[in-house]
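>>> Okay, structure incoming, though there's no sequence with it:
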């Protein structure tokens, strides 16, 4: 049994992985949306305090779920990147539990966890794939050749895609969390009814930038003050610009690298229009596509338990002096800095 702990941002996640079957036997996620809603965004100090309250309860539930006659084999925890205070809550708890139970401590990179989650219920592909990681804090393209063999191709130069969705929702007067609210409104609109720029950054084919698109939306909202159908059309056009650029660059990356498929990961990968467009483009290009289950798109303990299991099989044990690193750079396994920050 491997216990996974995730506290990199505002969701507290704990899960228990049965290593004999590869199945998750316990999983719980505690959201903090109500705590942050008044501020229309995540407040780091509030997030840390929320983890302090939620994590002991979830850990107790997870440990109680270990079947009779089975032992805890390791504790895996997100050690970065993320909010430093939030990360430290999880890392400190994991260190204490691993020491008390005398089991190995595994440090997991948050992005590695998201990528690994896509293959929890299906085999890792035999050929290289492009991973489009899209969340509130990250928008990146990775060339994935297998567990621990990932190369960063490009990333956002300013706002992440999830952040662009949230800020767009705020401009349109939608409630927090903004991403799902904007997507729901966009489903009612006509993306072709409003002209929106599409930031392709042709001189930087694998990088992203959404700040200009956000400015364009702000200008239109202030000028037109849209309501009803007009607001839905504006939301649809804004969303379409984001997803077209995300999918277009991911497909272009397969052409440049020779990758044979695309996988999406991160919270924004739950977006219906993004999934629809990606599936459509991959079918047209003859590419395989990997869409994670909806319960694996946002932050969760299961992805950390699974990624921790992969690391444990390769003897990647973190030192007892492990600390969190909000800017931990993911390294190929076997290189310095891969085992722990």
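It's in. Owing to the predicted nature of the structure, the values given are computational and were not obtained by experimental measurement.
>>> tell me the contacts of the most centrally placed residue in the chain?
For the chain, the residue lying nearest the average C-alpha position, counting by C-alpha atoms, centre = their mean, turns out to be residue 266 (2.6 Å). Residue 266 sits next to 114, 133, 134, 135, 138, 162, 297 when contact means C-beta atoms under 8 Å, 6 or more residues apart in numbering. For glycine as for every other residue, the C-beta is placed from the backbone atoms N, C-alpha and C.
>>> now do 7 Å
Neighbouring residues of residue 266 by C-beta atoms under 7 Å, 6 or more residues apart in numbering: 114, 133, 134, 135, 138, 297.
>>> which residues touch the nearest residue in space to it that is not next to it in sequence?
For residue 266, ignoring the flanking residues on the chain, the nearest one in space by C-beta to C-beta, 6 or more residues apart in numbering is residue 135 at 3.4 Å. The contact partners of residue 135, by C-beta under 7 Å, 6+ apart, come to 160, 162, 266, 267, 268.
>>> sorry, back to before: can you tell me which of the contacts of residue 266 comes closest to residue 152?
Residue 152 lies nearest to residue 133 out of the contacts of residue 266, by C-beta to C-beta, at 9.7 Å.
>>> mind checking how far the host helix or strand of that closest one is from the chain centre?
Take DSSP states H and E as the rule and residue 133 turns out to sit in strand 129-134. The chain centre lies 10 Å from the centre of strand 129-134; the measure is C-alpha atoms, centre = their mean, to the nearest Å.
>>> what's it packed up against?
helix 110-117, strand 139-146, helix 228-257, strand 261-265 (3 or more C-beta pairs under 7 Å, 6 or more residues apart in numbering; DSSP states H and E).
>>> could you redo the last one with a cut-off of 6 Å?
strand 139-146, helix 228-257, strand 261-265 (3 or more C-beta pairs under 6 Å, 6 or more residues apart in numbering; DSSP states H and E).
>>> what mean pLDDT would you report for that strand?
In this model, strand 129-134 has an average pLDDT of 96.
>>> Of the helices and strands packed on strand 129-134, flag the one that's most buried.
strand 261-265 (a mean of 25; mean count of other C-beta atoms under 10 Å).
>>> gap between it and the chain center?
Relative to the centre of its chain, strand 261-265 is centred 12 Å away, using C-alpha atoms, centre = their mean.
>>> other SSEs contacting the helix or strand just after that strand?
Later in the chain than strand 261-265, the nearest helix or strand by DSSP H and E is helix 272-285. Under the contact criterion of 3+ C-beta pairs under 6 Å, 6+ apart, helix 272-285 touches helix 228-257.
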